[in-house]
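S.K.: I would like to see how this sequence folds:
(one chain, ligands or ions: 2)
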Amino acid sequence: MVKPKTQEEIELLRINGDLVSRTLAEVGKVVAPGVTTKQLDRVAETFIRDHGAVPNFLGYDGFPASICASVNDVVVHGFPSDYVLKEGDIVSVDLGTLFKGYNGDSAYTFPVGEVDAETRKLLQVTKESLYRGIAAAVAGNRTGDIGHAVQSYCESFGYGVVRELEGHGIGRDMHENPGVPNYGKPGHGVKLLDGMTICIEPMINAGTRGVYLARNGWAVHTSDHKKSAHFELTVVVRNGKAEQLSTFDYIEKDTSINFV
Ligand code: MG
Ligand code: MG
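M.R.: Ligands and ions are numbered 1, 2, ... in the order given. A predicted model of the protein is given here:
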């Protein structure tokens, strides 16, 4: 049984959601050809700490950095490294905060310079599928309704929906119940209650849905090495309409991200 959050808890999650959103925008400002993913990590960690919060990814199960930086065929959990981003790459930046005992967690996939039309489409569709998932995150629905909304939209473009990883509840822990898969059947799964806080995070592959784990035990790659996109927002389930606790507005107004 998943307990809905109190209004006080939701406000603390909203503060974290806002900080995570602004941190992603700071990172987005420096994404460019010639920049290393380690530099992105430094920008995020500095911004989070400057705001009195802690990067909750750092040390999580031994994760060595403050962000996941997943380039091209890396779906999620890429380590920031000395890899130099180049024109046409995409980089998924996933990051989180811990502030006043509560967590934030969101992700955005940035194009590096100009990307080809096929890649822009993958980014557009993945982001739109997240919004479709959010629209299904209403009290009385089930997690399968969210998954179905994401899956049916993405598969209609021939994309692969990753099954091995999923969204999750969020609160005092970054990962709480329920799991929120990106696939599913309407009316199946855990029932959503007003006040439940969840992260929805479609991981969508340009080709096959198959993935494998890199030898470092973290980075998840597409089996066919085609690109993969990942967008994540935190929302609170409400009667009638889910409410976003994090947003891409800071990113999309502050930078020249244009794949829409
Ligand atoms: Mg997450
Ligand atoms: Mg995340």
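
S.K.: Spell out which parts of the stretch 101-250 of the chain neighbour ligand 2.
M.R.: Residues of the stretch 101-250 of the chain found near ligand 2 (Cβ under 5 Å from the ion) are Asp105, Ala107, Glu232. To be clear about C-beta, it is placed using only N, CA and C from the backbone, and glycine gets the same treatment.

S.K.: part of a strand, is the second one?
M.R.: Yes - with the criterion set as DSSP: H, G, I helix; E, B strand; the rest coil, the secondary structure at Ala107 is a strand.

S.K.: mind checking how far it is from ligand 1?
M.R.: Relative to ligand 1, Ala107 is positioned 7 Å away (criterion: Cβ to the ion, to the nearest Å).

S.K.: Equivalent analysis for the last one, please.
M.R.: Remark: distance between Glu232 and ligand 1 (Cβ to the ion) = 5 Å.

S.K.: I'd guessed that residue sits against Glu201; true?
M.R.: Yes - using Cβ atoms under 8 Å, Glu232 makes contact with Glu201 at a distance of 3.5 Å.

S.K.: so what sits against both of these two?
M.R.: Ala107, Leu130, Gly167 (Cβ atoms under 8 Å, 6 or more residues apart in numbering).

S.K.: so which of these comes closest to ligand 2?
M.R.: Nearest to ligand 2 among the shared contacts of Glu232 and Glu201 is Ala107, at 4.7 Å by Cβ to the ion.

S.K.: Val93 is in contact with the closest one, correct?
M.R.: Yes - judged on Cβ under 8 Å, Ala107 makes contact with Val93 at a distance of 6.4 Å.

S.K.: Residues that sit against both of these two, list them.
M.R.: In contact with both Ala107 and Val93: Leu24, Cys68, using Cβ under 8 Å, 6+ apart.

S.K.: would Val75 count as being in a helix?
M.R.: No - under three-state DSSP, Val75 sits outside any helix and is assigned strand.

S.K.: Pick out the residue nearest the middle of the protein.
M.R.: Glu232 (2.6 Å; Cα atoms, centre = their mean).

S.K.: Can you pull up the residues of the stretch 51-200 of the chain that come close to ligand 1?
M.R.: Counting by Cβ under 5 Å from the ion, the residues of the stretch 51-200 of the chain that sit close to ligand 1 are Asp105, Cys199.

S.K.: Now do the strands in the stretch 151-260 of the chain.
M.R.: Per DSSP state E, counting those that start in this stretch, the stretch 151-260 of the chain carries strands over the ranges 160-161, 167-169, 176-180, 197-200, 203-205, 211-213, 220-222, 228-230, 233-236, 243-244.

S.K.: go on, the stretch 1-150 of the chain?
M.R.: Using DSSP E, counting those that start in this stretch, strands in the stretch 1-150 of the chain cover 54-55, 67-71, 74-76, 90-99, 102-111.

S.K.: So which elements touch the last one?
M.R.: It stands for strand 102-111. Contacts defined by 3 or more Cβ pairs under 8 Å, 6 or more residues apart in numbering; DSSP states H and E place strand 102-111 against helix 7-30, strand 90-99, helix 117-135, strand 228-230, strand 233-236.
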